[in-house]
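**Q** could you look at this predicted model? Sequence included:
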Amino acid sequence: MSAIAPDMRATAPARPAPAVATASPTDVSSEFNTWRFCAWMGPLFMAVFIVFWGVMGHNIPPWNPDLPATNVAQWFRAEANTIRLGMVVAMTFTVCYAVWGLSIGRVMSRMVSRDSILIDLQVWGAGLTVVPVLVSTSFWLAGSFRPDALPDNVLQLLYDMAWLLIDLAYSVTSVQMFALGVAILKDKRKAPLIPRWFAWYGIWVGFMFIAECVMPFFKTGAFARDGVLNFWIEFMIWFVWVPGLTIFVLKAINRIQQEEQW
């Protein structure tokens, strides 16, 4: 029996190889269009945030922290409906930032290996950026919910808490910037998908955020939350980074699609 068994195995018909699913050109094009849609979520988030959080929420520029509580409280009471609308819309669209980060991660997968931890760091950094933005925005919303029932100092506290959180949670966004910057620098293409100078710009912005650490110690001057450094410079360089990166990501998606369809 032991001599026959090998012959039986040798004459047994071979199993057919499993079919390998291949994406049609239409499916590939649809996938890249989804990448583009997600990439546009960055500018959408920025536009909504500037108008509804910044202008309607009196955060561009913010109230000076040295003002008496009465000033902030009167604003909450007089503009309650405007603040509510602004914060509700801002909170609703905040998730767009995380969606934007996913499109960046897809482009990064063509710069470094697809299982690189740099991609995870960037995606997690973008996703975690959403959390302090949501929570801090809820503080402004809470102050406008029943401002007539709250004393002046409590309304001032809510406004302060919101700014302290949204400023001091900068590190999660810095992780996103550092991871992306390193991935761009590791791109082996002669002409990288995203310019290397922009990688250095993002890394610089991520490091610049450390200036926010001194904000709690100042109520006036350049380091206060409405100061030249801690607001006008820190926020503006990030406001440039988001749309600038989006332009390069969209161009990179076009290049990747051309490379993979040929």
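**A** Nice, I can see it.

**Q** quick one: buried residues of stretch 119-134?
**A** Under the neighbour-count criterion of 16 or more other Cβ atoms under 10 Å, stretch 119-134 has 119, 121-130, 132-133 buried. Where C-beta positions appear, they are placed from N, C-alpha and C, glycine not excepted.

**Q** alpha carbons of it, as PDB, please.
**A** This file holds the C-alpha atoms of stretch 119-134, laid out as PDB (Å, rounded to 0.1, in the frame of the first residue of the first chain):
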ATOM      1  CA  ILE A 119       1.300  56.500   7.100                       C
ATOM      2  CA  ASP A 120      -0.300  55.400  10.300                       C
ATOM      3  CA  LEU A 121       1.200  58.300  12.200                       C
ATOM      4  CA  GLN A 122      -0.100  60.800   9.600                       C
ATOM      5  CA  VAL A 123      -3.600  59.300   9.500                       C
ATOM      6  CA  TRP A 124      -3.800  59.100  13.300                       C
ATOM      7  CA  GLY A 125      -2.500  62.600  13.700                       C
ATOM      8  CA  ALA A 126      -5.200  64.000  11.400                       C
ATOM      9  CA  GLY A 127      -7.900  61.900  13.100                       C
ATOM     10  CA  LEU A 128      -6.800  63.000  16.600                       C
ATOM     11  CA  THR A 129      -6.700  66.600  15.600                       C
ATOM     12  CA  VAL A 130     -10.500  66.400  15.200                       C
ATOM     13  CA  VAL A 131     -10.900  65.500  18.900                       C
ATOM     14  CA  PRO A 132      -9.700  68.700  20.600                       C
ATOM     15  CA  VAL A 133     -11.400  70.800  17.900                       C
ATOM     16  CA  LEU A 134     -14.700  69.100  18.600                       C
END
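
**Q** what about the stretch 151-262 of the chain, any weak spots by pLDDT?
**A** 262 (pLDDT under 70).

**Q** what segments of it are helices?
**A** 152-168, 170-186, 196-208, 234-261 (DSSP state H, counting those that start in this stretch).

**Q** tell me the one of the buried residues of stretch 119-134 nearest Ser174?
**A** Taking Cβ to Cβ as the measure, Ser174 lies nearest Gly125 of the buried residues of stretch 119-134, at 7.6 Å.

**Q** tell me the contacts of the closest one?
**A** 101, 172-177, 179 (Cβ atoms under 8 Å, 6 or more residues apart in numbering).

**Q** so which of these wins on neighbours?
**A** Neighbour counts for the contacts of Gly125 (other Cβ atoms under 10 Å) peak at Ala179, which has 28 neighbours.

**Q** leaving aside the residues adjacent along the chain, what's closest to that one?
**A** In space, and not counting its chain neighbours, Ala179 is closest to Leu121: 3.7 Å by Cβ to Cβ, 6 or more residues apart in numbering.

**Q** so the helix or strand where the one you found lies versus helix 196-208, what angle?
**A** Per DSSP states H and E: Leu121 is located in helix 117-145. Put simply, helix 117-145 runs at 50 degrees to helix 196-208, going by axes from the mean of the first three to the mean of the last three Cα atoms, to 10 degrees.
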